[in-house]
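Trainee: Build the 3D model from these lines:
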Amino acid sequence: MNSLRIENLHVSREGKEIVKGVSLTIRPGEVHALMGPNGSGKSSLANALMGHPKYAITAGSIVLDGADITKAAPDVRSRAGLFLSMQYPPEIAGVMVSNFLRTAVNATRAKPYNVVEFHRLLKEKMAELKIDAVFGGRSLNEGFSGGEKKRAEILQMMMLNPKYAVLDETDSGLDVDALKIVTDGINAARGRMGVLLITHYAKMLSQVVPDFVHVMSAGVIVAEGGKELAELIERGGYGAFIA
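Mentor: Numbers count the residues shown, from 1 in each chain. Here you go, the predicted model:
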C-alpha cells in the first residue's frame, strides 16, 4: 500500500539530537495533525523530511511509496511527490510568483506545461484561493503579509499536487478570513494526498478535521489519538503530556 513511512527517525542539528526516534505512517487521503510545545522538534522533523542540509538524519528511514528517500536530495524528494510548506517562507526579490511556480511545477512533470496550459491552471487555482490575478506578477513573498505568504504556500501545494504535503504551522499569523481560505484549500486537496499538519491550535483542526493527532515533546511522540486529543489540549494545554 502506498504511504509515507517515517521509521524510528533521529535528527540532529549542529551535533545536538532534536528528533529522537519518531515513527509515523501517512497514507493518501489521511490528515495527521502534529502538535506540541515550542522546541519539541516538530519543525526539525519537517525540515529533515524535505532534506534540509542543516538537519542530519542519524538513524531511521523515510520511505515514500516503497522508495527509500532518506538520503535523497530535496529536488528528488519533490519529484517523488513530497511537499513542504515552510513556517517562514523566504522572500525572493525579482522572481515573480508565476515564473517561480511554472519552473517548480514543470520540474516535477515528464511533459512540461506550455505557457497557455500553465497560466490556465494558475488562474483556476488562484481563483479557488481568492487570490487576485496581479499576485502572480509580484516578487515571491516580497512585501507579502503573513496571510499572503501562507496563501502563496497553499497555492504552491495546489499547483504541484504532491502525493504527501507537510504543512508547518500554515495557520500561524492568519486572521479569520485568511484561515478560512487556507483551510478550504487544504480540504479541497486532502482527498488527493496525505497531509502532515503541524499546528499549535485546535481551531485549525476544527476546520481541517484530522484523522489522527500526534503530540510531540522533547523529540518524541508522547501521545496519539483522534480529534478529541486536540480538543483535550485546547482545554488543558500540554501539561498532561510533558514529564
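
Trainee: what number of residues lie near the closest residue to N106 other than its chain neighbours?
Mentor: Counting by Cβ to Cβ, 6 or more residues apart in numbering, N106 lies nearest to P112, which is 3.8 Å off, once chain neighbours are set aside. Where C-beta positions appear, they are placed from N, C-alpha and C, glycine not excepted. Look at P112: counted by other Cβ atoms under 10 Å, it has 13 neighbours.

Trainee: Helix, strand, or coil at P112?
Mentor: In three-state terms, and counting by DSSP: H, G, I helix; E, B strand; the rest coil, P112 is coil.

Trainee: Is it in contact with A104, as I believe?
Mentor: No. Counting by Cβ atoms under 8 Å, P112 stays clear of A104, with 11.3 Å between them.

Trainee: Now for D132, how many residues are close by?
Mentor: Here the count is done by other Cβ under 10 Å, and D132 has 9 residues near it.

Trainee: How far off centre is the helix or strand of the chain with the lowest mean pLDDT?
Mentor: Confidence across the helices and strands of the chain bottoms out at helix 202-207, with a mean of 84, counting by mean pLDDT, DSSP states H and E. Here the centre of helix 202-207 is set off from its chain's centre by 16 Å, with Cα atoms, centre = their mean, to the nearest Å.

Trainee: And it, what's buried?
Mentor: By neighbour count, and taking 16 or more other Cβ atoms under 10 Å as the criterion, the buried residues in helix 202-207 are A202, M204, L205.

Trainee: who does the very next helix or strand once past that helix touch, helix- and strand-wise?
Mentor: Downstream of helix 202-207, the next assigned helix or strand under DSSP states H and E is strand 212-217. If you count contacts as 3 or more Cβ pairs under 8 Å, 6 or more residues apart in numbering; DSSP states H and E, strand 212-217 packs onto strand 31-35, strand 220-225, helix 227-236.

Trainee: average pLDDT across the first one?
Mentor: Along strand 31-35, the predicted confidence averages to a pLDDT of 96.

Trainee: what is the orientation angle of it with helix 227-236?
Mentor: In this structure, strand 31-35 runs at an angle of 30 degrees to helix 227-236, with axes from the mean of the first three to the mean of the last three Cα atoms, to 10 degrees as the basis.
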